[in-house]
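Enquirer: only geometry, no sequence info:
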């Protein structure tokens, strides 16, 4: 069984358990003021396994399953079965943590801010996919499929804009920093991916 599928199953089980248990939900969510005052830094990780509702859960897990398999398979190809799977698990969990840290520092004195969801982790996995397959057409996020590299640029732009201008419950900053974290981890773990990305940009450019 792939690590991707295991993560999807575990996330679904924890999220569904939290749907009917507000106390558990509150203990696991990303809540900077509690993390700061009570040193509950574990929330940086557990918040990625909790979701607000079934739609939130379904969208994140569907996208994680689709992109995670491709990224995990690439890591297995380059680092072996055990090494690749361990690296993928480490990468995903670290992305979730890194995606929450900026909002921790921004909101550690604000009782009104809290967030949940795997979106930061999923964003990081998507951006690793973009490094691997920049011209792959993504049809999940648009009526007309667009190249992955273009989607990535638009995604970062929108996340930056929305974090400053949108007054909603979506943690756009976690999306942005999760994406950046994914890129950094991929490059650090396999520096040659930069050259492979640039080569693919040139050689695979759709004419």
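Expert: Structure's in. What do you need? Keep in mind the model is a prediction, meaning the values are calculated, not measured.
Enquirer: pLDDT on stretch 133-140, on average?
Expert: Stretch 133-140 comes out with an average pLDDT of 85.
Enquirer: And stretch 70-85, by the same measure?
Expert: Stretch 70-85 shows a mean pLDDT of 97 in the predicted model.
Enquirer: How about residues contacting it?
Expert: 2, 3, 4, 87, 88, 91, 125, 128, 129, 132, 133, 190 (CB atoms under 8 Å, 6 or more residues apart in numbering). C-beta coordinates here come from the backbone N, C-alpha and C atoms, glycine included.
Enquirer: ok, of those residues, which come out buried?
Expert: Neighbour counting with 16 or more other CB atoms under 10 Å marks 3, 4, 87, 88, 91, 125, 128, 129, 132, 133, 190 as buried within the contacts of stretch 70-85.
Enquirer: got these as CSV, with distance to residue 103 and secondary structure columns?
Expert: Shown next, in CSV, are the buried ones among the contacts of stretch 70-85 (distance: CB to CB, whole Å; DSSP: H, G, I helix; E, B strand; the rest coil):
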residue, distance to residue 103, secondary structure
3, 26, helix
4, 26, helix
87, 26, helix
88, 25, helix
91, 20, helix
125, 19, helix
128, 22, helix
129, 24, helix
132, 28, helix
133, 29, coil
190, 28, coil
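Enquirer: Quick check, pLDDT for the residue most central in space within the chain.
Expert: Nearest to the mean C-alpha position of the chain, counting by CA atoms, centre = their mean, stands residue 121 at 2.0 Å. Note for residue 121: predicted pLDDT of 96.
Enquirer: On the three-state scheme, it is what?
Expert: helix (DSSP: H, G, I helix; E, B strand; the rest coil).
Enquirer: mind listing what it touches?
Expert: 48, 64, 92, 93, 95, 96, 99, 178.
Enquirer: who wins for most neighbours among the residues you listed?
Expert: residue 99 (33 neighbours; other CB atoms under 10 Å).
Enquirer: my read: it touches residue 172, true?
Expert: No: the criterion here is CB atoms under 8 Å, and residue 99 misses it with residue 172 at 10.8 Å.
Enquirer: Phi first, then psi, for residue 137.
Expert: Phi and psi for residue 137, reported as degrees, to the nearest 10, are phi -80, psi 130.
Enquirer: buried stuff in the helix or strand where residue 70 lies?
Expert: Taking DSSP states H and E as the definition, residue 70 sits inside helix 54-79. Going by neighbour count (16+ other CB under 10 Å), the buried part of helix 54-79 is 56-57, 59-61, 63-64, 66-72, 74-76, 79.
Enquirer: so can I have JSON lines of the contacts of residue 121 showing secondary structure and pLDDT?
Expert: Below are the contacts of residue 121 laid out as JSON lines (DSSP: H, G, I helix; E, B strand; the rest coil; pLDDT from 0 to 100):
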{"residue": "48", "secondary structure": "helix", "pLDDT": "96"}
{"residue": "64", "secondary structure": "helix", "pLDDT": "97"}
{"residue": "92", "secondary structure": "helix", "pLDDT": "98"}
{"residue": "93", "secondary structure": "helix", "pLDDT": "98"}
{"residue": "95", "secondary structure": "helix", "pLDDT": "98"}
{"residue": "96", "secondary structure": "helix", "pLDDT": "97"}
{"residue": "99", "secondary structure": "helix", "pLDDT": "94"}
{"residue": "178", "secondary structure": "helix", "pLDDT": "94"}
